[in-house]
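In: Predicted coordinates and the sequence they were generated for:
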Amino acid sequence: MKEYTLKPYQSAVIRSVPLDLEELNPAQREAVMTTEGPVLVIAGAGSGKTKTLVYRLAHLVNQGVSPEAILLLTFTKKSAQEMLRRATQVLDHRCEQVSGGTFHSFANVVLRHYGSAIGYGPGFTILDRSDADELLGLIRAEGGDIKTDKRFPKKSTIGSIISMSVNTGRSIGRVITSDYPQFIDYEESLVAINAAYQSRKSEIQVMDYDDLLVKLRQLLIDHADIRGELQATYRYIMVDEYQDTNSLQSDVIKLLTNPQKNIMVVGDDSQSIYSFRGASFKNIIEFPTFFDGTKVIKLEQNYRSSQPILNLTNALIEKAREKYSKTLFTHRPDGELPVYIDAADENTQSRFIAQKILELRETGIPLNEMAVLFRSGWHSNDLEVELQSRNIPFQKFGGFKFVETAHVKDLLSYLRLIQNPADIVSWSRVLQLVDGVGAKTIGQFLKIVPGLRRQATMPSPFIGKKYSHDLQRLISLVLRTDSETPSQLLDLALTHYLPMFRLKYDDYSKRITDLDSLKNIAARYPSLDRFLSEISLEPPDQTQIDATASDYEDERITLSTIHSAKGLEWKAVFLISVVDGYLPSFQSLGDLAQLEEERRLLYVALTRAKDHLFIIKPNLDAAAGNFHRFPGITFSKLSRFLDDYQLLDDLAEKWVLKDEKPEKFGIRHRQTVSSVPPLPRPEWDGDDAPAPDPHRKKYFF
């Protein structure tokens, strides 16, 4: 038999070649070339931080650093993969061997290998959120004395409370007090459930998502030998979006960094806006304190926005109390000034945006290059209805579309039943809200729906039941014969719905503003038929048969909370409801740290715009019928971040909205795009007329 010898494979030696750094600006090149010691890169909005990370990674590999010795930590798997892919294109396939991933994926790998040191074998199970909630549900049920209490928080709410405690470093009690005050009486029980939950996970060898970081930190603190081994393995560490790290992640970074302190973190203190998730602004501010000898490099050249937009954002963030000072600049030719509009009310704001969107599209800007940003998801409620009425397709991020939220659908179901008592779909939904009514009772009731009459009497099969009183009230509401406006009918429906609403949703305090918005929208309609027809329009991206709508194809304007818009950009951005009490939010007004985060949130919003920026403040005073959910408080002033220093006077163009056909009296109601009603305008008499402002531009509807 003939022998054939297999020789060891020797790959071709890849020699270091000069890496082309000509595409980088001087600050980016400095960040790429500085490889030893701690480095903090303050990357302003749109300054090319990802490109800088990619080239630095490629430069390290090209200088002979083993790819396996580099650890790249990001906040999403996709961003890590994209950076490694781009580094491979810049250099070669060696960059594919870099250890890149999220904090949690890295923790999972380490714990699978070393977890036995803290009592976890390599086969431990990771619970997703639904699995974790199920385990909490089992533990909750074991409580016996609380399992039938309707006001005890649901298992998913308990999970949220525990997770928030872990990620913010606050106790269960502090989380309940600040975010779930309706459960303050159950603090002791929730603390006990959390203790049982932590113990049970250890017993059955499972971890939830948060445990990955908790256990990794524990491993690194308690076992110096393992910590030293990992420090020797990962000699160069790079962290993206460092301003978004929480205390757990910051601790892990400090413990992983070797004595040579070859650690580079990249972030923007001005875009630290996720404290509600546990992110700590102090991590990036205090980085030089934790790592002596830190070199701070600022990326200030912006590749996104025009200089007039940058001038406004620079002026805004310069007023921040604690920051790394920087001035963003661009080599782009001068562009248009940002536009500030003081609108009469929310619907005026919505009408302006809808009209301007269509005008911008006619100039060649596609819908998907436009966005409307807002502080909270409910701020776009009125706008969504306006866009639907004009067949302007949109996609919303940072929450459900207004009319798709469960609580809004609940309330609309009452009105649909008043309009059509034979609507068994709406009957089924509202009957589920009645305490004591189950599937069997609902089935029986739906069978007699066709026979219900306007006399509003209780059907005999349901007399004497424990739910009879509530059911009689519901029937009386639905089968009423009086003729009222949609707003009046909503008031009646709310009287019936609110007690059940508070029982159904643990986070009802966050949802109730949507019900206010629905009332404000309903007030603009003369009839229930008209209101329900327009509020229930099919989403505009569904089948359309007319040529105009079909021309949109995949184009959609983006509606997004500012938090969800971070990292994105559009040619035209509308920032709505820039009202003090909305942005900054009312809840932040008594907390200086939270107030400063609200300033950074506004900064993030303004820096999303490339060419066109519209800042709109609707009048939300009592006369407009818009009340915030805090008794006796209304908001109508421009955000203090823009008003206190009069930034808009010098750095923005002010527009006044005028109607081609103004009307002086009467209630305005929503119309289709073919028949848009005129906007009311103030009537000035004699000496009361204001002096003309030469800086204000008239914009006609």
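Out: Thanks, I have it. The model shown is predicted, which means the values in this text are computed figures rather than measured ones.
In: what pLDDT does residue 701 get?
Out: Looking at residue 701, its pLDDT stands at 60.
In: One more: residue 549?
Out: For residue 549, pLDDT reads 34.
In: pLDDT below threshold where in the stretch 101-250 of the chain?
Out: Along the stretch 101-250 of the chain, the parts satisfying pLDDT under 70 run over 143-151.
In: The stretch 501-650 of the chain too?
Out: Using pLDDT under 70, the stretch 501-650 of the chain drops low at 506-510, 533-554, 621-635, 645.
In: can you do 90?
Out: 501-555, 563-567, 581-582, 585-594, 619-637, 643-650 (pLDDT under 90).
In: Could you check how far stretch 293-300 is from the centre of its chain?
Out: Its chain's average C-alpha position is 29 Å from that of stretch 293-300, according to C-alpha atoms, centre = their mean, to the nearest Å.
In: just stretch 345-356 next, same as before
Out: 23 Å.
In: before we move on, what about stretch 260-278?
Out: The answer for stretch 260-278 is 18 Å, by C-alpha atoms, centre = their mean.
In: Would you mark the buried spots in that stretch?
Out: Counting neighbours by 16 or more other C-beta atoms under 10 Å, one finds that the buried residues in stretch 260-278 are 261-275, 278. Just so you know, the C-beta spots here come from the backbone N, C-alpha and C atoms, and that holds for glycine as well.
In: Give the residue spans of the stretch 251-400 of the chain that score low on pLDDT.
Out: In the stretch 251-400 of the chain, residues with pLDDT under 90: 272-280, 322, 332-334, 344-347, 376-382, 384-386, 388-391, 394-400.
In: What about the nearest residue to residue 332 once chain neighbours are set aside? Give its phi and psi, please.
Out: Distances taken as C-beta to C-beta, 6 or more residues apart in numbering put residue 306 closest to residue 332, at 5.8 Å, once the chain neighbours are dropped. When quoted as degrees, to the nearest 10, the phi and psi of residue 306 stand at phi -70, psi 160.
In: contacting residues around residue 306?
Out: Residue 306 sits next to 330, 332, 334, 335, 336, 610, 611 when contact means C-beta atoms under 8 Å, 6 or more residues apart in numbering.
In: switch to 7 Å and redo it
Out: By C-beta atoms under 7 Å, 6 or more residues apart in numbering, the residues touching residue 306 are 330, 332, 334, 335, 611.
In: wait, is the second one part of a helix?
Out: When you say that, I think you mean residue 332. No. According to DSSP: H, G, I helix; E, B strand; the rest coil, the state of residue 332 is coil, so it is not within a helix.
In: what separates the longest helix seen in the chain from the chain centre, distance-wise?
Out: As assigned by DSSP state H, the longest helix anywhere in the chain is helix 486-504. Averaging C-alpha positions (C-alpha atoms, centre = their mean) puts helix 486-504 28 Å from its chain's average.
In: List the contacts of it.
Out: Residues contacting helix 486-504 (C-beta under 7 Å, 6+ apart): 150, 407, 410-411, 414-415, 418, 433, 473-474, 477, 508, 515, 518-519, 522-523, 525, 528, 531.
In: Now with 6 Å, please.
Out: 150, 411, 414-415, 418, 433, 477, 508, 519, 522-523, 525, 528, 531 (C-beta atoms under 6 Å, 6 or more residues apart in numbering).
In: Nearest to residue 71 among those?
Out: residue 508 (43.7 Å; C-beta to C-beta).
In: From residue 580, how far out is the closest residue in space to residue 211 that isn't next to it in sequence?
Out: Ranked by C-beta to C-beta, 6+ apart and with sequence neighbours excluded, the top spatial neighbour of residue 211 is residue 201, at 6.9 Å. Remark: distance between residue 201 and residue 580 (C-beta to C-beta, to the nearest Å) = 45 Å.
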